[in-house]
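>>> Sequence and predicted model, in that order:
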Amino acid sequence: MGIGKTPLCAAATGAAVLISVLAASGAAQAGPNLVANPNFDDNSPPFGTAPLDWTFTPAASESYFFVGAAPGFGAFSPPNSANFGAVGAFDDELSQVLATVPGTYSISFELAHDSTDSANDFSVTFGGTTIFSLVNAAAFPYTLETFSAVTTSSLTTLAFFGREKLAWYDLDNVSVTLISTAVPEPATWSMMLVGFAGLGFAEYRRLR
């Protein structure tokens, strides 16, 4: 009776180890939006001031940033969008520090550009790495931009940079969500091998 149970116990143990390791590896996870005040609607600050939960760094000269409904396309999700219109050679910056775990993230936002000219740029960084960049772009309506990026840090900065001498870049509906956690460490792979070995031994005992 006891011998008959041994393979089942071993198989159950091996399977439990394997399942727990696969869960720890973070395969196919998805998380909530990490961005606070993603639509810039929680308050309507004075001109040249950051919206709630964000940090605003003005251009070195000729800053021109505001939160509200910009001329042209207005807000994608009223009442507010974040609007970049620095008129010099430097960008205004809007950023937020996010609490993250090492892994892959999906970053998305709605972006519109009000004018076709040769005095504009817009870029986005995640953890200091540029994931999106425009220079002297033509006008376009609100467009959903989506990217994936990896971070290994517990704190990751999402930052938007823009200038537009003649018009505006309008930003709305910012989202950062976890896609999957980091690839298992070598020690985790060792645990997985132990789990597979347990399953193999159990099957061997069963067949005998």
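Perfect, I can see it now. None of these values were measured; they are calculated from a predicted model.

>>> which residues does residue 124 contact?
Residues in contact with residue 124 (C-beta atoms under 8 Å, 6 or more residues apart in numbering) are 107, 109, 130, 131, 132, 133, 147, 158, 159, 160, 161. C-beta here means a position set from N, CA and C on the backbone, and glycine is covered the same way.

>>> Quick check on it: phi, psi?
With angles defined as degrees, to the nearest 10, residue 124 sits at phi -140, psi 140.

>>> Who does it form a beta bridge with?
Counting by DSSP bridges, residue 124 is bridged to residue 132, residue 160.

>>> Against residue 111, how distant is it?
Residue 124 sits 9 Å away from residue 111, going by C-beta to C-beta, to the nearest Å.

>>> Residue 76 now?
Residue 76 is 9 Å from residue 111, where distance means C-beta to C-beta.

>>> wait, isn't residue 158 in contact with residue 107?
Yes - at 7.0 Å, residue 158 and residue 107 qualify as touching, with contact defined as C-beta atoms under 8 Å.

>>> who has more neighbours, these two?
residue 158 (24 against 20; other C-beta atoms under 10 Å).

>>> which ones are touching the more buried one?
Residue 158 makes contacts with 35, 95, 96, 98, 107, 124, 125, 126, 174, 176, as judged by C-beta under 8 Å, 6+ apart.

>>> Check the secondary structure at it for me.
strand (DSSP: H, G, I helix; E, B strand; the rest coil).
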